[in-house]
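# Pasting the sequence and the predicted model now:
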Amino acid sequence: MEHQEKVNVTVFSAVDKEVFQKKIYPLRRPAVLKGVPLGPCLEKWTVDYLTVKGRDREVKIHVSSVPQMDFLHKNFIYRTLPFSEFVQRAAATEHPEFFISKDESYYLRSLGEDARKDPADLKKQFPELAEDFHIPPFFEPEQFFSSVFRISSPGLQLWTHYDVMDNLLAQVTGRKRVVLYSPQDALHLYLSGDKSEVLDIDSPDLERYPDFVKACRYECVLEPGDLLFIPALWFHNTLALQFGVGINVFWRHLPMDSYDKKDPYGNKDPLAASRALQSVERALALLEDLPDDYRDFYARRMVLRIQSRAYTSQPAEPAQGK
């Protein structure tokens, strides 16, 4: 069986704002940043501390009978628990009280006050925890979009997807494996919207997804205190190697009017891209009026036109440390 090319994500130490903006950010490739001050959360955020601080605030969580969550086919249910009880359950591997099974998995992605309109903000949803976490000052304050608080059961794996904003994933507690794929490998990832249909990236069904092996796999393991820079449009898949707490900080790096104002999650395509995709759908619908051979011929012409106008000439170079 063919195997994907694998590349270790480049690791940088002693990163400050100047190093990030001049040496890391312009490359538009993932990077692990070590030694960036994140605040007292690294020492404080034990299960007991989180239980006390979070108290009885109710949180909406994902619950699944299997640790590999699949957003396309919704193999999980949404339930609500007091934050203190949720943390205790997520940190355990067996649950005396459960929704589906004794070994069910839990996942929290914090939501805004109005989940349909408001981006998540640690300062608003968990003010008692926000003072423990220092957002790295790698972008201008007015670019800030959201700070998403995440807690995962051990073994929990999230589906491969992309976001339209740059973000920093801060791993506060626990270890987490992250696998990433370049935007320029999008044609090999069998996309459905912003998500890949290839759920099992470690043992993919190559009869169903034969081109998946053509995508270069970038990989890293985040230790507590590590930051991962995930540039916009880079696909990522996370696996919690232990019970873990993390925070994603998203910021707007395109002009403000590029983004959909009705996007609280940072994953709706930019307005220009969304309109272009809609135009492609309309064009394909027009081709349906033609016989098969004509439809095939003009579809190929459309592909050539897109390649000549839109594709970049240089693929992303593998990171150092391959």
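Received, thanks.

# can you pull out the strands in the stretch 1-150 of the chain?
Counting by DSSP state E, counting those that start in this stretch, one finds strands in the stretch 1-150 of the chain at the ranges 6-8, 10-13, 31-34, 58-64, 77-82, 105-109, 144-152.

# These: which one's closest to residue 196?
With CB to CB, the closest approach to residue 196 among the strands of the stretch 1-150 of the chain belongs to strand 6-8: 17.1 Å. Glycine gets a C-beta too; all of them are placed from N, C-alpha and C.

# Might you report the residue contacts of residue 90?
Residue 90 sits next to 106, 107, 108, 151, 152, 153, 243 when contact means CB atoms under 8 Å, 6 or more residues apart in numbering.

# hang on, the earlier thing: okay if I get the strands of the stretch 1-150 of the chain as TSV plus mean neighbour count, distance to residue 162 and mean pLDDT?
Supplementary listing: the strands of the stretch 1-150 of the chain in TSV, determined by neighbours: other CB atoms under 10 Å; distance: least, CB to CB, whole Å; pLDDT from 0 to 100:
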stretch	mean neighbour count	distance to residue 162	mean pLDDT
strand 6-8	16	18	95
strand 10-13	15	20	96
strand 31-34	21	17	98
strand 58-64	19	19	95
strand 77-82	14	23	95
strand 105-109	22	16	96
strand 144-152	23	15	96
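
# Dump those strands to TSV, plus distance to residue 194.
Formatted as TSV, the entries for the strands of the stretch 1-150 of the chain read as follows, by distance: least, CB to CB, whole Å:
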stretch	distance to residue 194
strand 6-8	23
strand 10-13	25
strand 31-34	22
strand 58-64	17
strand 77-82	20
strand 105-109	15
strand 144-152	16
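
# Please identify which of these is closest to residue 168.
Put simply, out of these the one that sits nearest residue 168 is strand 31-34, at 7.9 Å, with distance taken as CB to CB.

# The closest one packs against which elements?
Of the remaining helices and strands, those touching strand 31-34 by 3 or more CB pairs under 8 Å, 6 or more residues apart in numbering; DSSP states H and E are strand 10-13, strand 227-230.

# Once you drop chain neighbours, what's closest to residue 28?
Leaving aside its chain neighbours, residue 28 sits nearest to residue 231 (4.9 Å; criterion: CB to CB, 6 or more residues apart in numbering).

# no wait, residue 172
Once chain neighbours are set aside, the closest to residue 172 by CB to CB, 6+ apart is residue 245, at 4.7 Å.

# what about the residue positioned nearest the centre of the chain, which helix or strand?
Compute the mean C-alpha point of the chain, and by CA atoms, centre = their mean the closest residue is residue 236, 5.3 Å away. Residue 236 belongs to strand 235-240 when elements are defined using DSSP states H and E.

# Alpha carbons of that strand, in PDB - could you do that?
Presented in PDB, the C-alpha positions along strand 235-240 are these (Å, rounded to 0.1, in the frame of the first residue of the first chain):
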ATOM      1  CA  PHE A 235      -6.600  21.400   7.200                       C
ATOM      2  CA  HIS A 236      -6.100  20.000  10.700                       C
ATOM      3  CA  ASN A 237      -7.100  16.900  12.700                       C
ATOM      4  CA  THR A 238      -6.600  16.600  16.400                       C
ATOM      5  CA  LEU A 239      -6.200  13.600  18.700                       C
ATOM      6  CA  ALA A 240      -6.100  14.000  22.500                       C
END
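
# Tell me which other helices or strands whichever helix or strand comes after it touches.
Beyond strand 235-240 on the C-terminal side, the first helix or strand identified by DSSP H and E is strand 244-251. Counting contacts by 3+ CB pairs under 8 Å, 6+ apart, strand 244-251 packs against strand 144-152, strand 166-173.
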